[in-house]
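Q: need a structure here:
(chains A and B)
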Protein chains: 2
Amino acid sequence: MPKRDNISMSVIRRLPRYYRFLNQLKKEGVTRISSTELSAKLGLTASQIRQDLNCFGGFGQQGYGYIVEQLAAEIGRILGVEHNYHTVLFGAGNLGRAIAAHMDFEALGFHLIGIFDTSPQKIGTVIHGTEVMDTAIFEEFCQKDKPEMAVLCIPRTAVEATVDRLYPLGVHNYWNFSHYDISMKYPDAIVENVHLNDSLLTLCYQISNFKKPSAGIPAEKSKTE
Amino acid sequence: MPKRDNISMSVIRRLPRYYRFLNQLKKEGVTRISSTELSAKLGLTASQIRQDLNCFGGFGQQGYGYIVEQLAAEIGRILGVEHNYHTVLFGAGNLGRAIAAHMDFEALGFHLIGIFDTSPQKIGTVIHGTEVMDTAIFEEFCQKDKPEMAVLCIPRTAVEATVDRLYPLGVHNYWNFSHYDISMKYPDAIVENVHLNDSLLTLCYQISNFKKPSAGIPAEKSKTE
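A: Take a look at the predicted model:
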């Protein structure tokens, strides 16, 4: 696959939306969609969508639109959903349990192969079919199962030591729910942060500052991307 | 408070990071910090930070830096963390329970006053001190407790009907974990979306396309904002 490293994060962050939406259309039995219809439903301009897709070679035909199944499959390939990257989750607390049970990792390019925790109360329990193991055996586990991605649902204070342990074992990709900034120490690591606190504070800001008796809230306020 | 509706979302999304970081410094006993030190620790340029803070009137003094406690308090006020917006959470499944138990709503401008679900198995259970109530009594609950924000941890298919019910009752602000686009139907609503699937797909893209034998990954890859 060609390496694409000159594409802006804003374009990349729109791809999952396209993918999600096209899969939904596919489910509904829609076979073809014009860029105008697609743009209306996605709240983007048709030219934006064309521009985004052109970064990856362009799809669809002028005046004919996109073939839903084809485009979904193509975007899936661009995203890399077929990879099933071996994934481990650290931290079987409230959040970790929810993430393990709630997320459809398989549909999103990952395969959850192990959950790790330090608490004796949690070790041995099963979350959504996956056993919680003792972090003490992680080195051994790695030799056999070679995880490539780690979901970090552990407290901020524990993240640095955990990454210091995981990185030399070949785990260089992280879905990080803590506020610890992994990239500062490991600039090569691929990190996707989910900062729930920041998201809630952003909402607080918007309520506090955009609240109005009538309409006219800036359109971009509802965009997470 | 002056209404600030001309500030870009990129600036707004950096505020929680400043806030979080300054509070951490405060905890560590740091009383003053130069914009250079602050920028190094945050991975932003000093001029970016000055520019951001200037949107809100500017703080700090050339050559003296920022007084940590003052700046934290000021950003807290800008964010509106003192508001304690009455908040309800819909959906006591894995994700809803985790969010209710994991988030420190009080510190982030919100006060969780009720959790609602339709499942008889969940109604009556208690999550982190808050009872799960039957959604059937929500209208009655609203008359007494006047919630202003709703956290939506319900499936996409249930969101439209829920918002159709909540909006006329005065709940116009949403922290939305589903992929249903509330703003399409309610452009006045203030919505902050958390799209966990999209976040995971973005990580998948980055692993699939940025993976390299050596360093040189674009710096912006690790930014969620």
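
Q: I'd like to know how far residue A:187 sits from chain B.
A: 7 Å (C-beta to the nearest C-beta, to the nearest Å). All C-beta atoms are positioned from the backbone trio N, CA, C, and that covers glycine.

Q: Going by secondary structure, that residue is in what exactly?
A: Assigned by DSSP states H and E, residue A:187 belongs to no helix or strand.

Q: what's the answer for residue A:100, then?
A: Short version, using DSSP H and E: residue A:100 is in helix A:94-102.

Q: Equivalent analysis for residue A:49, please.
A: Going by DSSP H and E, residue A:49 is in helix A:46-54.

Q: State the mean pLDDT of the helix or strand just after that helix.
A: The helix or strand immediately downstream of helix A:46-54 is strand A:66-67, counting by DSSP H and E. If you average the pLDDT over strand A:66-67, you get 91.

Q: Verify the contact between residue A:83 and residue B:209 for me.
A: No - with contact defined as C-beta atoms under 8 Å, residue A:83 does not reach residue B:209; the gap is 11.0 Å.

Q: These two: which has the busier surroundings?
A: residue B:209 (20 against 15; other C-beta atoms under 10 Å in any protein chain shown).

Q: Need the CA coordinates for the helix or strand hosting that one. PDB is fine.
A: In the assignment (DSSP H and E), residue B:209 maps to helix B:196-210. Written as PDB, here are the backbone C-alpha positions of helix B:196-210 (Å, rounded to 0.1, in the frame of the first residue of the first chain):
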ATOM      1  CA  LEU B 196     -15.200   6.600  19.800                       C
ATOM      2  CA  ASN B 197     -15.500   4.500  16.700                       C
ATOM      3  CA  ASP B 198     -14.200   7.400  14.500                       C
ATOM      4  CA  SER B 199     -11.300   7.800  16.900                       C
ATOM      5  CA  LEU B 200     -10.400   4.200  16.700                       C
ATOM      6  CA  LEU B 201     -10.700   4.200  12.900                       C
ATOM      7  CA  THR B 202      -8.400   7.300  12.800                       C
ATOM      8  CA  LEU B 203      -5.800   5.300  14.800                       C
ATOM      9  CA  CYS B 204      -6.200   2.400  12.400                       C
ATOM     10  CA  TYR B 205      -5.500   4.800   9.500                       C
ATOM     11  CA  GLN B 206      -2.400   6.200  11.100                       C
ATOM     12  CA  ILE B 207      -1.000   2.700  11.900                       C
ATOM     13  CA  SER B 208      -1.700   1.500   8.400                       C
ATOM     14  CA  ASN B 209      -0.300   4.600   6.600                       C
ATOM     15  CA  PHE B 210       2.300   6.100   8.900                       C
END
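
Q: Is there proximity between stretch A:92-111 and chain B?
A: Yes - Stretch A:92-111 lies within reach of chain B by C-beta under 8 Å from any C-beta of the partner chain, at A:93-95, A:97-99, A:101-105, A:108-110.

Q: give me every residue that touches the residue lying closest to residue A:160 once chain neighbours are set aside.
A: Once flanking residues are discounted, residue A:160 sits nearest to residue A:180: 6.0 Å by C-beta to C-beta, 6 or more residues apart in numbering or on different chains. Residues near residue A:180 by C-beta atoms under 8 Å, 6 or more residues apart in numbering or on different chains: A:156, A:159, A:160, A:163.

Q: rewinding a little: if you average pLDDT over the helix holding residue B:209, what comes out?
A: 95.

Q: That one and chain A, any residue contact?
A: Yes - Helix B:196-210 is in contact with chain A by C-beta under 8 Å from any C-beta, via B:196-210.

Q: What ranges does chain A have for its strands?
A: A:32-33, A:66-67, A:85-90, A:110-117, A:126-127, A:130-134, A:149-152, A:173-176, A:190-193 (DSSP state E).

Q: I'd like those laid out as JSON lines, including mean neighbour count.
A: Output for the strands of chain A, formatted as JSON lines (neighbours: other C-beta atoms under 10 Å in any protein chain shown):
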{"stretch": "strand A:32-33", "mean neighbour count": "17"}
{"stretch": "strand A:66-67", "mean neighbour count": "20"}
{"stretch": "strand A:85-90", "mean neighbour count": "23"}
{"stretch": "strand A:110-117", "mean neighbour count": "22"}
{"stretch": "strand A:126-127", "mean neighbour count": "14"}
{"stretch": "strand A:130-134", "mean neighbour count": "17"}
{"stretch": "strand A:149-152", "mean neighbour count": "26"}
{"stretch": "strand A:173-176", "mean neighbour count": "26"}
{"stretch": "strand A:190-193", "mean neighbour count": "24"}
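
Q: Go through these and name the closest to residue B:21.
A: Of all these, strand A:190-193 sits nearest to residue B:21, with 14.0 Å by C-beta to C-beta.

Q: Name every sheet partner of that closest one and say whether each one runs parallel or antiparallel.
A: strand A:173-176 (parallel) (DSSP bridges).

Q: Report the mean per-residue pLDDT for the partner strand.
A: 98.

Q: I would like the residues contacting that strand, please.
A: Under C-beta under 8 Å, 6+ apart, the answer for strand A:173-176 is A:85, A:148-152, A:159, A:163, A:182, A:189-194, B:199-200, B:203, B:206-207.

Q: what domains does the record give for chain A?
A: A:9-78, A:85-197 (automatic domain parsing).

Q: Ranked by average pLDDT, which of the ones you listed falls at the bottom?
A: domain A:9-78 (a mean of 89).

Q: returning to what we had before: any chance of a ChimeraX selection covering the buried ones in the residues of helix B:196-210 next to chain A?
A: Buried members of the residues of helix B:196-210 next to chain A, defined by 16 or more other C-beta atoms under 10 Å in any protein chain shown, are picked up in ChimeraX with:
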select /B:196,197,198,199,200,201,202,203,204,205,206,207,208,209,210
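
Q: Closest one of the residues of helix B:196-210 next to chain A to residue B:67?
A: Distances from residue B:67 to the residues of helix B:196-210 next to chain A, taken by C-beta to C-beta, are shortest for residue B:199, at 35.4 Å.

Q: Quick check, that closest one in contact with residue A:196.
A: No - checked against C-beta under 8 Å, the pair residue B:199 and residue A:196 is beyond contact range at 11.0 Å.

Q: Look through chain A and tell me its longest helix.
A: Counting by DSSP state H, the longest helix found in chain A is helix A:9-27.
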